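A.B. asks: Below are the sequence and a predicted model for it; my questions follow.
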Amino acid sequence: MAKESFDKEIQFLRMLVLTSGAYNRQQFAERLGISVHTFDKTIRRLKDIIQTVQGQLPQAQGQEFTESFRYSYYDSTDPMLLFLFRAKSLKESESHRVSLLLAAMNEQARTAMELIDICCGSLPSDLPMPDEKTIRSDLKYLEDVGVIRKEPGPRPYRYRIYNDLPSELTDDELYDLYDFVDVMANTQVPSVQGYLLRDGLKKHLLRGTAERHAMEPFLYKYHYYYRILDEAHLFTLLSAIRNRRRVQFLYFSPKTDTSYASKNTNPLFERETKGKTVKTLPLHIVYDHQYGRWYLLSNERDGIRKYRMEGITQMTVEEAVDQDLFEAKRNQLQRAIQHSWLIDTGRPVTVRARFYHPGPGESNFVKERVLLQGQWGQIVEEDEASFTYEIVVNGTTEIKPWLRSFGSSCEVLAPLKLREEFIEEWKEIQAYYESV
């Protein structure tokens, strides 16, 4: 993934999606907790990235693309929320250096010292010359993300481009692989790495005999555009869980009126941030399909904590903890969320609901959906007209939207409080449709 954080651009795009361009510059800057000047710089940076990813567009087409960036950012086979990942958020000096390294290793396998000589001899004079530590850091990064591979053999190690997959497949096999990756990246989570693989396959095919229209057989409409943005933190957190490491981040809860705070590097403009600095041990990641949200769960001295990933900024990985401590805390968390429909850790309660079959001769889509989405719940009774579904969950807040989504095909039987809540909700809805 990207070598540098781009929290500001992520929160900027999130606000753009949620407001659909309804905010002016001042309102946008206040909501993000940045200055109008920073807002303008971010706009320019995003446009530069778009131009880099899409290529140099004619002026009229560029204006149209800017408008689509503001209003129609989801009507495309390529989700525009992904372009930050494709751009990799590299500094200018890094992008020049990495490009030279990849070009050199594409010709033949090279040692680190050979790559240093190539970089020093080819970089523009206005860019800083890299040292051995910098080049080895770049090689480790490229190896970690799977772009290059270390050749077997004695020291000094030689590195080469790792592009064996497309070269070993026929064109028909590459088309099939591209279609499969395209469908999976657009329908499964997480998606970002699938999109990156799809883009690599597309570029490889277009360099051959493939035509562009043949590479876009499917169109997708994104209901939760910002879930892709939250994947910026996902793999960092998964790595921290795998290595039992604590993380530190600045957190903005959904209740705060800002979603970002710039780092106070200039003491003259230092101001108090509205976010909360959190240092915690990540234990579990949960994805909410109902609302397209990612959650981070941790377990500290003050108990289990839950964080919406969209509020996490400025994340750094800290020290590792003892394996016994990690396992003890994770087991405690697993017991607490054993009966969570999502992440609720409240008191367990038994929910009973009657689901009604569709009319005779119709496909029983109600039962199929309950069996597919009902998690560990069970059907305990069934007759020709209906069936009764039962499940033990931590509280009723999280299962309630799912039950409500069945409309008149679902009747809540227990607990009584939940049944009464549904009665009041349906009465309120009925009142909307009374005769005027």
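C.D. replies: Here it is on my side, so go on. The structure presented is a predicted model; accordingly, all values stated were derived computationally and were not measured.
A.B. asks: and the residue lying closest to residue 279 once chain neighbours are set aside, bridged to which residues?
C.D. replies: Sequence neighbours aside, residue 248 is the residue nearest to residue 279 in space, at 4.5 Å (criterion: Cβ to Cβ, 6 or more residues apart in numbering). In short, each C-beta sits where N, CA and C put it, glycine included. Going by DSSP bridges, residue 248 is paired in beta bridges with residue 279, residue 316.
A.B. asks: Residue 248 reaches residue 319, doesn't it?
C.D. replies: No. Residue 248 is beyond contact range of residue 319, at 10.3 Å (criterion: Cβ atoms under 8 Å).
A.B. asks: If you count surrounding residues, which of these two has more?
C.D. replies: When neighbours are counted by other Cβ atoms under 10 Å, residue 248 and residue 319 differ, and residue 248 comes out ahead with 13 against 7.
A.B. asks: Tell me which residues are up against whatever helix or strand residue 380 lives in.
C.D. replies: For residue 380, the host element (DSSP states H and E) is strand 378-382. Strand 378-382 is contacted by residues 367, 370, 371, 387, 388, 389, 390, 391 when judged by Cβ atoms under 8 Å, 6 or more residues apart in numbering.
A.B. asks: Now do the third one against residue 335, distance only.
C.D. replies: It refers to residue 371. 27 Å (Cβ to Cβ, to the nearest Å).
A.B. asks: Comparing those two, which residue is more hemmed in?
C.D. replies: Neighbour totals were compared for residue 371 and residue 335, and residue 371 leads with 13 against 10 (other Cβ under 10 Å).
A.B. asks: how far out from the middle of the chain is stretch 33-46?
C.D. replies: Mean-position distance between stretch 33-46 and its chain equals 23 Å (Cα atoms, centre = their mean, to the nearest Å).
A.B. asks: What count of nearby residues applies to residue 229?
C.D. replies: If you count neighbours by other Cβ under 10 Å, residue 229 ends up with 26.
A.B. asks: Then residue 423?
C.D. replies: 11.
A.B. asks: ok, now how distant is it from residue 413?
C.D. replies: Noted for residue 423: a distance of 12 Å to residue 413, by Cβ to Cβ.
A.B. asks: and the closest residue in space to residue 415 that isn't next to it in sequence, what element?
C.D. replies: Excluding the flanking residues, the one nearest residue 415 by Cβ to Cβ, 6+ apart is residue 349, at 5.7 Å. Here residue 349 sits within strand 348-356, counting by DSSP H and E.
A.B. asks: Give the pairing partners of that strand; include direction for each.
C.D. replies: Note on strand 348-356: by DSSP bridges, its sheet partners are strand 386-394 (antiparallel), strand 410-414 (antiparallel).
A.B. asks: quick one: the shortest one to chain centroid distance?
C.D. replies: Same thing as strand 410-414. On the basis of Cα atoms, centre = their mean, strand 410-414 sits 35 Å off its chain's mean C-alpha point.
A.B. asks: Would you mark the buried spots in that strand?
C.D. replies: Applying a neighbour-count criterion of 16 or more other Cβ atoms under 10 Å, one finds 410, 411, 412 buried in strand 410-414.
A.B. asks: And for the first one?
C.D. replies: Applying a neighbour-count criterion of 16+ other Cβ under 10 Å, the buried positions in strand 386-394 are 386, 387, 388, 389, 390, 391, 393, 394.
A.B. asks: Reformat the residues you listed into a markdown table and put pLDDT and distance to residue 341 next to each item.
C.D. replies: Putting those into a markdown table (pLDDT from 0 to 100; distance: Cβ to Cβ, whole Å) gives the following:
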| residue | pLDDT | distance to residue 341 |
| --- | --- | --- |
| 386 | 95 | 22 |
| 387 | 96 | 20 |
| 388 | 97 | 18 |
| 389 | 97 | 13 |
| 390 | 97 | 14 |
| 391 | 97 | 8 |
| 393 | 97 | 5 |
| 394 | 96 | 7 |
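A.B. asks: Can you list the neighbours in contact with stretch 300-308?
C.D. replies: The contact list for stretch 300-308 (Cβ under 8 Å, 6+ apart) reads 251, 253-254, 278, 280-281, 293-299, 333, 336, 343, 345.
A.B. asks: let's go with 6 Å and repeat that
C.D. replies: 254, 280, 295, 296, 297, 298, 336, 343, 345 (Cβ atoms under 6 Å, 6 or more residues apart in numbering).
A.B. asks: ok, what's across the strand from the fifth one?
C.D. replies: What it means is residue 297. Beta-bridge partners, per DSSP bridges, of residue 297: residue 284, residue 306.
A.B. asks: my guess is it meets residue 284, correct?
C.D. replies: Yes. With contact defined as Cβ atoms under 6 Å, residue 297 reaches residue 284; the gap is 4.2 Å.
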